[in-house]
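J.: No letters, just coordinates:
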C-alpha cells in the first residue's frame with residue numbers, strides 16, 4: 001500500500017521533469033540535469049518495498065540515510081541549475097564555468113553528507129577529522145599542490161583573460177591553442193599537433209601573451225634585401241605582396257619596417273594579421289611570392305659578403321631573338337618573322353608565382369603580356385568584394401592589348417594559377433618598330449577593332465567609326481612615346 005501511495009507522486013514528478021526538459025531543449029537553455037533526480041526518485045519510490053523485506057533495523061537505518069542523501073544531492077543539483085545555470089542561459093548574467101559548479105556541488109554535498117550522517121547515524125565526521133592532528137596534517141600536505149591548481153583553475157575560468165580557442169604564448173617556445181581548462185591543468189595544442197599539459201598554478205604565475213585577444217593572429221618574420229635596393233622602394237614592393245594575399249587581413253594593415261643594417265643586407269621586419277592559425281603556411285606562401293616579385297624587379301636576396309661569385313639560374317636570362325615567343329600570336333600575325341623577333345627581344349621575361357595577381361582590374365598600364373608557360377585565370381568583378389572566373393589562358397595566348405594600344409584601364413584581373421613565364425611588351429618596345437613602318441599601326445588597329453567587334457557585337461557602320469577612332473588614338477599614343485611628350489586628347 002505504501003508503495004502505491006508513493007508511485008503516483010513519483011509519476012507526477014517524472015512527468016514534470018520530462019516536460020521541463022522538453023521546454024529547456026526547445027528554448028536552447030542549459031540542459032536540465034536528470035541523472036541524480038531520477039536516481040533519487042527511484043530510490044524514494046522503492047524504499048517502502050525494500051523495508052517490507054524484513055531487513056534488520058540497522059540495515060534499514062543505513063538504507064534510509066542513503067535515500068536521504070540521494071534526495072539531498074538531487075535537490076542540490078536542481079537548485080544549482082535553477083539558481084546559476086538557467087539565469088546564465090537566459091542572459092541575466094554570465095554563465096558560470098563548469099569548474100565552479102563542480103566545486104559548489106562538491107562543497108555543499110560534503111556539508112549535506114555531514115549533516116545527514118550526524119542526524120541519521122549519530123556519527124560526527126567533522127569531529128573525527130579535526131580530533132586527529134596527524135590525519136589533518138597528512139591531508140593538508142597531500143592536497144597542497146592540488147589545491148593550488150584547483151584555485152588557479154577556478155581563477156582562470158572566472159576571469160576573462162583567455163578562453164577555449166585562444167592562441168597563448170607562454171614564452172620559451174611554449175605556445176598553442178587552448179583546448180580545455182580543467183580543475184587541475186590547461187591543455188594547449190601547438191603547431192606540431194602536440195598536446196601541452198600545463199598546471200594551472202604555473203599559468204597564473206607566468207606572463208602570458210594572448211595572441212587572439214583582438215580577434216586576429218599576428219604573423220611576424222624578417223627578410224634581408226640588398227643594400228643597393230632603396231629602403232623606400234623595398235618597403236613599397238614588400239607591402240604590395242603582403243596586401244595582395246587573400247588570407248592577410250586589411251585591418252589591422254600589414255606592416256613593413258626597416259629593422260637593422262646587417263652585415264650583408266638591410267633587414268626588414270614584416271608583420272601581417274590573419275584569422276586562421278596556419279601561421280607557417282601563410283609565411284611560406286608570402287616568402288614564395290616575395291621571391292618572384294623581387295626577381296621581376298631585378299632584385300634578389302643577397303648572399304653573404306664573403307660570396308665572390310653569386311649563382312645565376314639559366315632560366316632568369318632575358319628572352320633572346322629566335323626564341324619564337326610571338327610566332328603563334330594572333331595580334332602580331334601580320335608582322336614579318338624578323339619584326340616579331342626584334343619585338344620579342346625588346347620585351348622582358350617575367351615570372352609569377354601561384355596566386356599572384358599579374359594585373360588588376362581598373363589599373364592603368366602601358367604593356368601587354370604573352371604567356372610563355374603556365375596558366376592564368378581571368379577574373380571579373382561583379383560586386384563589392386566579389387569576383388567571378390571568366391576564362392583561363394594558356395601558353396601562346398596574350399592579354400592587356402587594350403591597355404597597351406588604347407591606354408584603357410585594365411578590364412579584368414589576371415591571376416597566376418601556377419608558376420608562369422610571360423613576355424612583357426610595353427609601348428617603348430613597340431614604338432621604334434611602328435616608327436620605321438607606320439603601316440603596321442593600321443594593321444594593329446584593324447586587329448584590335450575586330451576584337452572589339454567580337455566582344456561588343458558591333459554592326460558595320462559602328463565598326464567603321466570605331467576603326468577611325470582607334471587608329472587616331474593609337475597614333476597619338478605612339479607619337480607621344482616617340483617624341484617623349486604626353487599624348488594629346
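T.: On my side now, so go ahead. From a predicted model like this one, the values you see are computed outputs, not experimental measurements.

J.: who touches residue 403 in this structure?
T.: Residue 403 is in contact with 359, 364, 365, 366, 367, 368, 409, 410, counting by CB atoms under 8 Å, 6 or more residues apart in numbering. In short, each C-beta sits where N, CA and C put it, glycine included.

J.: Can you report how many residues lie near the fourth one?
T.: Counted with other CB atoms under 10 Å, the burial measure for residue 366 works out to 16 neighbours.

J.: coming back round to it: list just the nearest of the contacts of residue 403 to residue 176.
T.: Using CB to CB, residue 359 comes nearest to residue 176 of the contacts of residue 403, at 40.9 Å.

J.: what about stretch 25-42, average pLDDT?
T.: Stretch 25-42 comes out with an average pLDDT of 81.

J.: most centrally placed residue in this protein?
T.: Nearest to the mean C-alpha position of the chain, by CA atoms, centre = their mean, lies residue 276 at 1.8 Å.

J.: Next, give phi and psi for that one.
T.: Dihedral pair for residue 276: phi -70, psi 160, per degrees, to the nearest 10.

J.: Apart from its neighbours in sequence, what residue is nearest it?
T.: residue 247 (6.7 Å; CB to CB, 6 or more residues apart in numbering).

J.: Surely the one you found forms part of a strand?
T.: No: using DSSP: H, G, I helix; E, B strand; the rest coil, the secondary structure at residue 247 is coil, not a strand.

J.: what's around it, how many residues?
T.: Residues near residue 247, counting by other CB under 10 Å, number 16.

J.: so it touches residue 279, yeah?
T.: No: counting by CB atoms under 8 Å, residue 247 does not reach residue 279; the two are 10.6 Å apart.

J.: Among the contacts of residue 403, name the buried ones.
T.: Neighbour counting over the contacts of residue 403 (16 or more other CB atoms under 10 Å) leaves 359, 365, 366, 367, 368, 410 as the buried ones.

J.: Among these, which lie within strands?
T.: Using DSSP state E, the members of those that fall in strands are 359, 367, 368.

J.: Next up, the contacts around the closest residue to the second one other than its chain neighbours.
T.: For residue 367, the nearest residue in space outside its immediate sequence neighbours is residue 426; the separation is 4.0 Å by CB to CB, 6+ apart. The contact partners of residue 426, taken as CB under 8 Å, 6+ apart, are 347, 366, 367, 404.

J.: Between all of those, which two are at the greatest distance?
T.: Across the contacts of residue 426, the longest distance by CB to CB is 12.7 Å; it joins 347 and 366.

J.: can you list the domains in the protein?
T.: Domain segmentation of the chain under automatic domain parsing yields 2-142, 161-210, 217-305, 337-483.

J.: For stretch 10-28, buried residues please.
T.: Buried residues in stretch 10-28 (16+ other CB under 10 Å): 13, 14, 17, 24.

J.: again, but for stretch 355-362
T.: Neighbour-count burial for stretch 355-362 [16+ other CB under 10 Å]: 355, 356, 357, 358, 359, 360, 361.

J.: does residue 72 sit in a helix or strand, and which one?
T.: In the assignment (DSSP states H and E), residue 72 maps to helix 57-80.

J.: End to end on stretch 269-285, go ahead and measure it.
T.: 16 Å (CA to CA, to the nearest Å).
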